[in-house]
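[1] Would you be able to build a 3D model of this:
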Amino acid sequence: MHEANVIVHGAETPRSVRRPAPPADLASDRPWLASYPAGVPAEIDVAGLGTLVGLFETSVAAFADRPAMLCFGSTMTYATLGQQARDLAAWLQGQGLAKGDRVAIMLPNVPAYAVAIFGVLLAGGTVVNTNPLYTPREFAQQINDSGARILIVLENFGATVAAALPDVKLDRVALVGPGDGLGLKGQVINLASRHVRKAVPPFQLPEGLAVPFTSVLRRGRSLPRASARVEPEDLAFLQYTGGTTGIAKAAMLSHRNIMANVEQSQLWFNSKDPSIRRCAVTALPLYHIFALTACFFQFMRNGGSCLLIPNPRDCDGMVKTLSRTRFTHLMGVNTLFNVLINHPKIGTIDFSHLDFVVGGGTAVQRAVAERWKALTGNTIIEGYGLSETSPVVCVNPRGMRDFSGTIGFPLPSTEVSIRDLSGQVVSVGQPGEICVRGPQVMRGYWNRPEETARAMTADGFFRTGDVAVMQADGQFRIVDRMKDMILVSGFNVYPNEVEDVLAAHPAVLECAVVGAPSEETGEMVVAHIVLKDSSVSTDAIRAHARTQLTGYKVPRRVILHDTLPKTNVGKVLRRMLRDETPPA
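    Residues are numbered from 1 along each chain as shown. All right, here's what the predicted structure looks like:
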């Protein structure tokens, strides 16, 4: 029997584990295939996928005059992206970057992000996506764990780097202006940004360490660039997990992993035709795997463009941008959809050109999805994935008329198995852990062989830590995170179910449900809520829950907030709320 194709890193030397061969009768082993949309194959050609470098070279040559990035009312064409990425690659090699060396990118959604990603990959490096809102401690932890010695960072966050320098070793820091790559208008944007940031505490980096990104590109243009001879199994990204359930780890994603997921998704959505001009609203940060694959690489492959939203927390600014731009695709999380439908100027946005809308990252609440459909006329197509799976595992078909509440079907060449704690496959309709096997599954966790071993089953499936049920037609329905489950008097309570009910109350803007210790029941259900209408009482919220939930699922306590803590992607941090919830 073949074993899973997973590579586990020790200090520097990988070891390979072979993947088991798929069963001969795919239809009996994968009931979802019978429900596949017409024209979607059961398998993809993994051997013919190529690399992200090949994707870049092909797209730049084929779509030179098309817009690749739209931001601040300006456009970066594929030709400009191609030239600047090659200049950056040459500069990186001139700094001694060898194949496989890691380069950290610490940027919001600005045009230079696209240049940075492709520049690092062209040079043969591995991208370490880094959240620009990290504290100095978090930043230092990720730099030290990854071993990155070169950093590309927005100058706005230079103070974080300066504060972390005593604890990290960096050889070069390239300081990016928000308008870099946008020509003369970009220079104006940079000047305006620096004027606004006069109130930001100044920072100072050691002489010779930092260099402006514009200077990097100028110097790189005069340097030779050697072919890095990138192979499909080479590491493309160290993609750190969100850390919402604990210490962040880096998933090792190869060129083949990402290319496989792009191919799987484009076949599923029938979106490989390069003659169609596509524009994806990219409000989710590109350092998050959802936006990286679903917005960036998906659309780069066939000549589409990304409408970059540098700061989605500026909802007024985002709505103004959307109202001025024709876009065809939108990928978001529940929080983004909720913010938009509650914005007073949502009526200024033209949603008539949308091809489809995809929701992921966290469960989309039915109340949000239904109001979204009523206001925009578009159904949210929910999917499911993780950093470790590049990310997409399952997704609903395009063209669905109504929100399903499921995560749909596994993509081509993807096996999903629902298993109990002992690793045994459970019956249809029974809850268990989602386990995934496919070409998009990571090579392992960087420098964490023990963590990798714990995450993989003996037959090569990745254990996600999420609970779901498989329906008879092969669709999957998420129940919750295993770590978020609440045990009340021996009964399992899944926060997603309770949150879905609470979110349907007209006075509830946001909600999150966690468990808290209880002497009486072991744990109790606690709801953290942001209200639209402050006159509504917590007793009224609990009364609403009692009409739709059995007694032990009804929140024993309702705690009101002005806002809920979230990751920069918009996931509510249940862990933080759990830590802040006092016992009964």
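[2] Mind listing what's buried along the longest helix seen in the chain?
    In the chain, with assignment by DSSP state H, the single longest helix is helix 78-94. Along helix 78-94, the positions that meet the burial threshold by neighbour count (16 or more other C-beta atoms under 10 Å) are 78, 80-94. To be clear about C-beta, it is placed using only N, CA and C from the backbone, and glycine gets the same treatment.
[3] Show me what the next helix-or-strand element following that helix is packed against.
    Scanning forward in sequence from helix 78-94 by DSSP states H and E, the next helix or strand is strand 102-106. Counting contacts by 3 or more C-beta pairs under 8 Å, 6 or more residues apart in numbering; DSSP states H and E, strand 102-106 packs against helix 111-122, strand 126-129, helix 136-146, strand 150-154.
[4] related to what we said a few turns ago, which two of the buried residues of helix 78-94 lie the greatest distance from each other?
    The two members of the buried residues of helix 78-94 with the most space between them (C-beta to C-beta) are Tyr78 and Gly94, at 24.5 Å.
[5] Could you give the number of residues near the closest residue to Phe491 other than its chain neighbours?
    Across the structure, with C-beta to C-beta, 6 or more residues apart in numbering as the measure, the residue nearest Phe491 apart from its sequence neighbours is Tyr552 (5.2 Å). Tyr552 sits with 16 neighbouring residues when counted by other C-beta atoms under 10 Å.
[6] who's in contact with Leu411?
    Residues near Leu411 by C-beta atoms under 8 Å, 6 or more residues apart in numbering: 261, 264-265, 268, 392-395, 438, 440.
[7] List the buried residues in stretch 523-531.
    Of the residues in stretch 523-531, those with enough neighbours to count as buried (16+ other C-beta under 10 Å) are 523-529, 531.
[8] in the stretch 201-350 of the chain, which spans are helices?
    213-221, 255-269, 289-291, 298-301, 315-323, 334-341 (DSSP state H, counting those that start in this stretch).
[9] Just send those helices back as JSON lines, with distance to Gly474 too.
    JSON lines is the format used below for these (distance: least, C-beta to C-beta, whole Å):
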{"stretch": "helix 213-221", "distance to Gly474": "48"}
{"stretch": "helix 255-269", "distance to Gly474": "14"}
{"stretch": "helix 289-291", "distance to Gly474": "23"}
{"stretch": "helix 298-301", "distance to Gly474": "24"}
{"stretch": "helix 315-323", "distance to Gly474": "35"}
{"stretch": "helix 334-341", "distance to Gly474": "25"}
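[10] Tell me which of those lies nearest to Thr414.
    For these, distance to Thr414 was read as C-beta to C-beta. The smallest value, 7.0 Å, belongs to helix 255-269.
[11] what mean pLDDT would you report for the closest one?
    Helix 255-269 comes out with an average pLDDT of 98.
[12] From the contact counts, what lies against it?
    Secondary elements touching helix 255-269 (3+ C-beta pairs under 8 Å, 6+ apart): helix 52-62, strand 235-240, helix 298-301, strand 392-395.
[13] so what strands line up beside the following helix or strand past the last one?
    For strand 392-395, the following helix or strand on the C-terminal side (DSSP H and E) is strand 409-410. Strand partners for strand 409-410, identified by DSSP bridges, are recorded as strand 392-395 (antiparallel).
[14] coming back round to it: highest mean neighbour count out of the helices and strands packed on helix 255-269?
    Per-stretch averages of neighbours, counted by mean count of other C-beta atoms under 10 Å, single out strand 392-395 among these, with a mean of 28.
[15] What does the pLDDT read for the residue of the chain most remote from its centre?
    With C-alpha atoms, centre = their mean as the measure, the chain has its most outlying C-alpha, relative to the mean C-alpha position, at Glu520: 39.5 Å. Note on Glu520: pLDDT of 80.
[16] and if you look at the one 3 residues further on?
    Per-residue pLDDT puts Glu523 at 88.
[17] Check whether it really touches Val514, as I assumed.
    No. Under the criterion of C-beta atoms under 8 Å, Glu523 lies out of contact with Val514, with a separation of 9.4 Å.
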